[in-house]
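predicted model follows, preceded by the sequence.
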Amino acid sequence: MKKFFSAALAVLMTLTLVACGSNQASSTASTSTPASDSPASSASSAEVKVEPITVRISAGPSGGNNFLICAAFADQMMKTFPEYTISAEISNGTAQNIRATAENEAQMCIAMSDGAMYAYEAGREYTDLEAGQFAYVAGGYQTIIHFMVPANSSVESIYDLKDSKIAASQGTTCQYYLPIVLEAYGMTTDDVEVTQLQLADMMNALSDGTVDAAMHITSYPLAAISDVAATKGIKILNIVDKEAEYIHENYPFFSPMIIAGGSYQGISEDVQTIGTLNTLICRSDLSEEFVYNFVKTIMENNDTLKNVHPKCGDFNLDNTLTGAVIPIHPGAEKYYKEAGIL
């Protein structure tokens, strides 16, 4: 009998020590969580248990806007949810991002709206991909068409550029965007002489008169454009009214946008043009819980994130759905409904 009571007492003492250790660990986890006034702190994994997951975000060139934005998002997410392992991955841009995500080398990426749409549809340059394997997460900063002519040019409208020499920046802008804009003005690339150049060479050509006009898509102000505006002077042509409406209706990844007056020397009034968004998309099979927590965290820590990188601030509730040209991921949809924008 004594042996029985001794064994029972030993078991009881062991259980008591385990319970105390567990309570102490819980207390330590609670007190070590950084205090925060942001709403997202209420979603901390110290309070809400989440499934651990590793997510790679294919972003862009090291040091570029997209890489720095994704790195900031990853850092904020891991502060809020220590169970998550998230990394921003270096890439060459939208096309590589999309293909890395399709192959599950990344689970999320930044892509221009048109890239997201055609990747989802398996169209344009993505006909070799399986359709429907991407979903929309969030929309961010604008990239806007700059259709430029010298300040002393007699050209006042894109209609005036028939039979002229036009330079367009290499890649998507020249291959896809320029034909779209010309189409809205009743022209094709056969009606103009097109030269595809790198940005610096294109701006030099516009500056020295080698070409009559130049087209580039970018956030603004852009240093290369600012330099020519300050030294030689430029005009940026409006894309507005029925032409802008035509483009948006037929190519919904483009929307009317404005280059604010004063952004470039010599251009005091707003320029009405078109542009697209840099968007976050993901694999359609990415965890609903993760995507919900991701969107909630970046939206509700907007002020903190834009102090890390100004462009992070453009991923906000006011414009996040502007670039939603593919189905929204269920996790993102859940948060947007809670936020009252869906």
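That came in fine, so what should we check first?

from here on, contacts and neighbour counts on C-alpha atoms
Will do.

can you count the residues close to D208?
D208 has 11 neighbours, counted by other CA atoms under 10 Å.

likewise D163?
12.

let me know the helix or strand that it is in.
Using DSSP states H and E, D163 maps to neither a helix nor a strand.

OK, contacts around the residue lying closest to it once chain neighbours are set aside?
Closest residue in space to D163, ignoring its immediate chain neighbours: V192 at 4.6 Å, by CA to CA, 6 or more residues apart in numbering. Contacts here follow CA atoms under 8 Å, 6 or more residues apart in numbering; on that basis V192 touches 161-166.

out of these, which is nearest to G60?
I166 (28.0 Å; CA to CA).

just say helix, strand or coil for the closest one.
Here I166 is recorded as strand under DSSP: H, G, I helix; E, B strand; the rest coil.

and it, how close does it get to T173?
Distance of I166 to T173, computed by CA to CA, to the nearest Å: 12 Å.

looking at the two, which is more packed in?
Higher neighbour count among I166 and T173: I166, with 27 against 17, using other CA under 10 Å.

so what sits against both of I166 and T173?
Joint contacts of I166 and T173 (CA under 8 Å, 6+ apart) are M215.

F67 sits in which helix or strand?
Assigned by DSSP H and E, F67 falls in helix 65-80.

now for whichever helix or strand comes after that helix, which elements pack on it?
Where DSSP H and E defines the elements, the next helix or strand beyond helix 65-80 is strand 84-90. The criterion is 3 or more CA pairs under 8 Å, 6 or more residues apart in numbering; DSSP states H and E, and the helices and strands that strand 84-90 contacts are strand 53-60, helix 65-80.

okay, the ones you listed in a markdown table with distance to A332 next?
Compiled in a markdown table, those are given as follows (distance: least, CA to CA, whole Å):
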| stretch | distance to A332 |
| --- | --- |
| strand 53-60 | 16 |
| helix 65-80 | 15 |
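
so which of these gets nearest G93?
strand 53-60 (4.9 Å).

C-alpha coordinates for the closest one, PDB please?
C-alpha atoms of strand 53-60 as PDB (Å, rounded to 0.1, in the frame of the first residue of the first chain):
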ATOM      1  CA  ILE A  53       4.000  27.500 -43.800                       C
ATOM      2  CA  THR A  54       6.900  28.500 -46.000                       C
ATOM      3  CA  VAL A  55       6.100  31.000 -48.700                       C
ATOM      4  CA  ARG A  56       8.500  32.400 -51.300                       C
ATOM      5  CA  ILE A  57       7.500  35.700 -53.100                       C
ATOM      6  CA  SER A  58       9.100  36.100 -56.500                       C
ATOM      7  CA  ALA A  59       9.700  39.800 -56.600                       C
ATOM      8  CA  GLY A  60      12.200  41.600 -58.800                       C
END
